[in-house]
Structures are given as C-alpha cells and as structure tokens.
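Engineer: Have a look; sequence and predicted model below, questions after that.
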Amino acid sequence: MSRIRNALLAALLLTGIAGPAFAQTQSPTPATNAGTRLNFASNLGGATFERSVNYAAPPANNPGLGMSYFYSTPKRLAISVQVFDLGRRVSSGSDNPMVIGQFNSELASAEQQFKYAGYTGFQKPSVPSTCTYGAVSFRCVTYSGVNQANSRLYSKLLLTGFRDHFIKIRIDWAQSHQQTAADADAALQAFIPALMR
C-alpha cells in the first residue's frame, strides 16, 4: 500500500498539486487575479492553462493562501503559479527580508514534500540565486530528487513580491521524459513575460 501512496504523492508533486492544493476547490477557467491584476489567459507563452485552485474557498477557507494556476507546456513541463499574501502586505522585489524569509520556508516545504513522496538524494545549491525573466527579478533555486525508478525529478522555484503579493512560480521536469533545464528555462522565458507584463 505504501508503494501506491508514494506513487500517488509523486504524481501529485510532479503536477504541482501536492500540499495545500490537494482537495481544494478547482476552477476550469482562467481569470484575472483580482489582487495583482495578472491575467491568467488560456495560453501564456505557449503554455496551456489546465486549472486553478482557490484556497479561500472550502475546505481550506484560507484567503491568505490565495490562488494557484496550473499550466502545461508542449514538452509536458508543469508550471504552477501561486498568488498569495498570507494576510499581509508584501514588499515588492526579490531581495527584501519578507521575500527572503518566505522563500526559505517554501524551499524547506519542497524538501519535505520530496521526502514524503519517497524521493531520495535531494539536491539543491547551498545559496539561492537571482533569476530575471522579462522585467521581473525572482529569488530562485533548482532542486531535485530521485524517485523509486531511479529517475531524477527537477523543480525550479521562483519567488518575488509583486503588487502587494507573493508570486511563486515553479516548473517541474523529469529526466525520464527527456526534459532538460534548458527546456525549463526556455518555457519560463516565454511564460513569465507573457504573464507579468
């Protein structure tokens, strides 16, 4: 039974719905996010909208967790965007203490999700970097883990403060699907400027 549970959690992790998104209210249509005025169109930079999750709705009833939007690329990479404020006004940019603290929390949570899903060999650089896509800078890091089939799953986590909210973007790719970091970066180079214009 634990093998099935681990496979399910790994699938949830790869599709970006592990954690608080699981079992939340999902919407089939894209929309403009009220807090940031970002338009989550049906196609952004070649990525196709899949679904959104509203954490303010039951059963979570937690408006501070905001909304998540999920996209997929033609190369089957999964992109998730979460817009949230945790009930406070968020400072703009990627290098302020509020964003740095939240980024560290997000990275610690990602490591726990990998371990809970049965991944081993978690790897991440010792120091995050700054990534710029279009006119927006993010605190970012790429981390990875190995699944039971001995295939490595990669995720790139980006976080910034934007219009009083956190914008968290994550892209996932897998060694077993012949996907590369270059594929992920090309997808982000197209997706983020289309979203954050």
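Structural biologist: Received it, and whenever you're ready, just let me know what you need. Residues are numbered from 1 along each chain as shown.

Engineer: quick one, strands of this structure?
Structural biologist: With DSSP state E, the ranges of strands along the chain come out as 25-27, 43-44, 47-54, 67-72, 78-84, 120-123, 129-133, 136-146, 152-162, 165-174.

Engineer: From the chain's centroid, how far away is the fourth one?
Structural biologist: Here strand 67-72 shows a centroid-to-chain-centroid distance of 8 Å under the convention Cα atoms, centre = their mean, to the nearest Å.

Engineer: got the angle for that strand vs strand 47-54?
Structural biologist: 150 degrees (axes from the mean of the first three to the mean of the last three Cα atoms, to 10 degrees).

Engineer: what's the answer for the last one, then?
Structural biologist: Taking the same axes, to 10 degrees, strand 165-174 and strand 47-54 form an angle of 130 degrees between their directions.

Engineer: Which neighbouring elements make contact with strand 165-174?
Structural biologist: Applying 3 or more Cβ pairs under 8 Å, 6 or more residues apart in numbering; DSSP states H and E, we find strand 165-174 packed against helix 2-15, strand 78-84, helix 97-116, strand 152-162, helix 181-195. Using the backbone N, CA and C atoms, a C-beta is placed for each residue, glycine as well.

Engineer: try the shortest one
Structural biologist: Taking 3+ Cβ pairs under 8 Å, 6+ apart as contact, the helices and strands that strand 43-44 lies on are helix 181-195.

Engineer: In this structure, where is pLDDT below threshold?
Structural biologist: 1-30 (pLDDT under 70).

Engineer: tell me the contacts of the residue nearest the centre of it?
Structural biologist: Centre of the chain computed as the mean C-alpha position; nearest residue by Cα atoms, centre = their mean is residue 170, 2.8 Å away. Contact partners of residue 170, counting by Cβ atoms under 8 Å, 6 or more residues apart in numbering, are 16, 79, 80, 155, 156, 157, 158.

Engineer: didn't the third one look like it was pressed against residue 158?
Structural biologist: When you say that, I think you mean residue 80. No: assessed by Cβ atoms under 8 Å, residue 80 is found out of contact with residue 158, at 10.7 Å.

Engineer: So for the two, which residue has more residues nearby?
Structural biologist: residue 158 (26 against 20; other Cβ atoms under 10 Å).

Engineer: ok, the more buried one touching residue 166?
Structural biologist: No: the pair residue 158 / residue 166 is not scored as a contact, 10.7 Å apart, by Cβ under 8 Å.

Engineer: Residue 134 and residue 90: what is the separation?
Structural biologist: For residue 134, the distance to residue 90 (Cβ to Cβ, to the nearest Å) stands at 19 Å.

Engineer: higher neighbour count, those two?
Structural biologist: residue 90 (21 against 15).

Engineer: Return the set of residues that bridge with the closest residue to that one other than its chain neighbours.
Structural biologist: For residue 90, ignoring the flanking residues on the chain, the nearest one in space by Cβ to Cβ, 6 or more residues apart in numbering is residue 161 at 4.5 Å. The bridge-partner assignment for residue 161, based on DSSP bridges, gives residue 93, residue 166.

Engineer: so which of the strands of the chain gets nearest residue 183?
Structural biologist: strand 165-174 (6.3 Å; Cβ to Cβ).
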